[in-house]
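Q: Prediction below, plus the sequence it came from.
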Amino acid sequence: MRSRWTILAALFVARAAIAFQFQSIAAVAPQLSQSLGASLADIGVLIGIYFAPGAALALPGGAIGRRYGDKATVLAGLLMMPAGELLMTTSTSWSMQIAGRLTAGVGGVLLNVLMTKMVADWFAGREIATAMAIFINSWPAGIAVALMLLPAVGATFGLHAVNLTVAGVILIGLCLIASVYRAPDATVAVEGERGSLTADTIRAVIAAGLIWCFYNIGFAMIFSFGPSMLVEQGWSSAAAGSTISIVLWLAALSVPFGGFLADRTKRGDAILVTGCISFGLLTLLLSRSGAVLPIVVALGILCGLPAGAIMSLPALVLDQKMRPIGMGIFVHGLLRRHAGGTCDRRKALHVGRLRQRRARLRRRRAPGLSCCPLALPPHRCPRVSAGRFTDVRRKAGR
């Protein structure tokens, strides 16, 4: 019998493949722009449109998984991703590029919703924060591999080879899910039971989704605007990029450590609150202080600590039958925000007001991070007021 950690490793690789495909456009953007005759604004749209299906499909994606089964739906999504990639290879027309990217994005949405639920099925009540922290680290891992590998592949073998490489990586994830993943016994045991989403549960999951959405916006803000902010302060581009990258390298360690800490201490709420408030305050301080390096190091250490605790929140209030739909609600806000970012990037590039926009975003979004804990009390209410959630966690932990 395969251990839950082996299954987590397979899910990690499959999710890293989504990040690998998402980053494939940005990794070869100059070549792609030249090949398609597209502007940087158009390339920005092609990057962001990958998440456009998320705004519409996150909620029904969970229902589809419940109807046809998690594994079958995830495998279908993993087939759609290389199909979209190969569609982009067949023609250099802009409409075909959009169609291929949207097709791949639909597959990616199904995976984002259901694989999070699959991790929760295996780890609810047992190292859930640690498992979720490891699982979400698959995204920066996939992006890092894409940035290291794809530019060299594109320069040596051309853009068609880039598309084939992306499709190959996705097929590796597909083979792992097909051969390794199985539903846990606890899930099989409740197949005949009816599940329901109460109003309290829905409010709790929405609150958890808002926390996750604000956290990701803050994280993206560091890497999107941090280097430019330092350049505006007189840093060279190379030095600014290298300095901000310290946050990512340290976060790769602090994310799983934060999950481990939440599981061992049973104080996930305290870690979430402390981490989010510290993250927000340090982000504000970075734009106002000259002590950049100490702040960047502190950001890297602290910003990853709440991630596992945040991702474990839905599993505390969702029974196993309703996790597919509940996880769709949880990720819907984040995917919708990513889709909206497509229009934001295009407008910013066309209007040419990036500097003012960066400053405005830094002022508005950093405090949002510190406000994340305000959404926490509604999330805790169902678990406190309804004993069945404790019962669900105990059954999931068998």
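A: In hand now; what should we look at? Residues are numbered from 1 along each chain as shown.

Q: Give me the phi and psi for V317.
A: Reported as degrees, to the nearest 10, the phi and psi values for V317 are phi -120, psi 0.

Q: Begin at 708, not 1, for the rest of this chat.
A: In the new numbering, first residue 708, that becomes V1024.

Q: distance of it from T797?
A: 45 Å (Cβ to Cβ, to the nearest Å). The way it works is simple: take the backbone N, C-alpha and C, and place the C-beta from them, glycine included.

Q: And the two? Which one has more around it.
A: V1024 (28 against 12; other Cβ atoms under 10 Å).

Q: And the pLDDT at the more buried one?
A: V1024 carries a pLDDT value of 82.

Q: before we move on, what about K1102?
A: You'll see K1102 listed with a pLDDT of 45.

Q: My read is that A806 contacts L793, right?
A: No: taking Cβ atoms under 8 Å as the definition, A806 is not a contact partner of L793, at 11.5 Å.

Q: Check which helix or strand V1004 maps to.
A: In this structure, V1004 is located in helix 999-1010 according to DSSP states H and E.

Q: which other helices and strands contact that helix?
A: Packing partners of helix 999-1010 (3 or more Cβ pairs under 8 Å, 6 or more residues apart in numbering; DSSP states H and E): helix 906-939, helix 944-972, helix 975-993.

Q: looking only at pLDDT, what's the mean for the first one?
A: What it means is helix 906-939. Per-residue pLDDT values across helix 906-939 average out to 80.

Q: just checking, what packs against it?
A: Helix 906-939 sits against helix 944-972, helix 975-993, helix 999-1010, helix 1012-1018, helix 1020-1024, helix 1030-1058, helix 1061-1078, helix 1083-1092, with contacts defined as 3+ Cβ pairs under 8 Å, 6+ apart.

Q: okay, the shortest one in CSV with CA atoms only?
A: This points to helix 1020-1024. Taking only C-alpha atoms (Å, rounded to 0.1, in the frame of the first residue of the first chain), the coordinates of helix 1020-1024 have been written out as CSV:
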residue,chain,number,x,y,z
LEU,A,1020,-8.5,26.0,6.9
PRO,A,1021,-11.1,24.5,4.4
ALA,A,1022,-10.3,21.0,5.6
LEU,A,1023,-11.4,21.9,9.1
VAL,A,1024,-15.0,22.7,8.1
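
Q: Would you pull up how far it lies from the middle of the chain?
A: What separates the centre of helix 1020-1024 from the centre of its chain is 17 Å, taken as Cα atoms, centre = their mean, to the nearest Å.

Q: next one: the second one
A: Using Cα atoms, centre = their mean, we find the averaged C-alpha position of helix 975-993 to lie 19 Å away from the chain's own average C-alpha position.

Q: mind listing what's buried in that helix?
A: The neighbour-count check on helix 975-993 (16 or more other Cβ atoms under 10 Å) flags 975-976, 978-980, 982-993 as buried.

Q: can you give me the angle that helix makes with helix 906-939?
A: Helix 975-993 and helix 906-939 meet at an angle of 30 degrees, taking axes from the mean of the first three to the mean of the last three Cα atoms, to 10 degrees as the criterion.

Q: and helix 975-993, average pLDDT?
A: Per-residue confidence for helix 975-993 averages out to 86 on the pLDDT scale.

Q: where does the residue of the chain most remote from its centre land in three-state SS?
A: Of all residues in the chain, G941 sits farthest from the chain's C-alpha centroid, using Cα atoms, centre = their mean; the distance is 32.4 Å. Each residue gets one of three states, and G941 gets coil by DSSP: H, G, I helix; E, B strand; the rest coil.

Q: Next up, phi/psi of it, please.
A: According to degrees, to the nearest 10, the main-chain angles of G941 amount to phi 110, psi 0.

Q: roughly how far apart are it and A947?
A: Here the distance between G941 and A947 works out to 10 Å (Cβ to Cβ).

Q: How about A859?
A: Plainly put, A859 is 24 Å away from A947 if you go by Cβ to Cβ.

Q: ditto for L793
A: Look at L793 and A947: by Cβ to Cβ, they are 37 Å apart.
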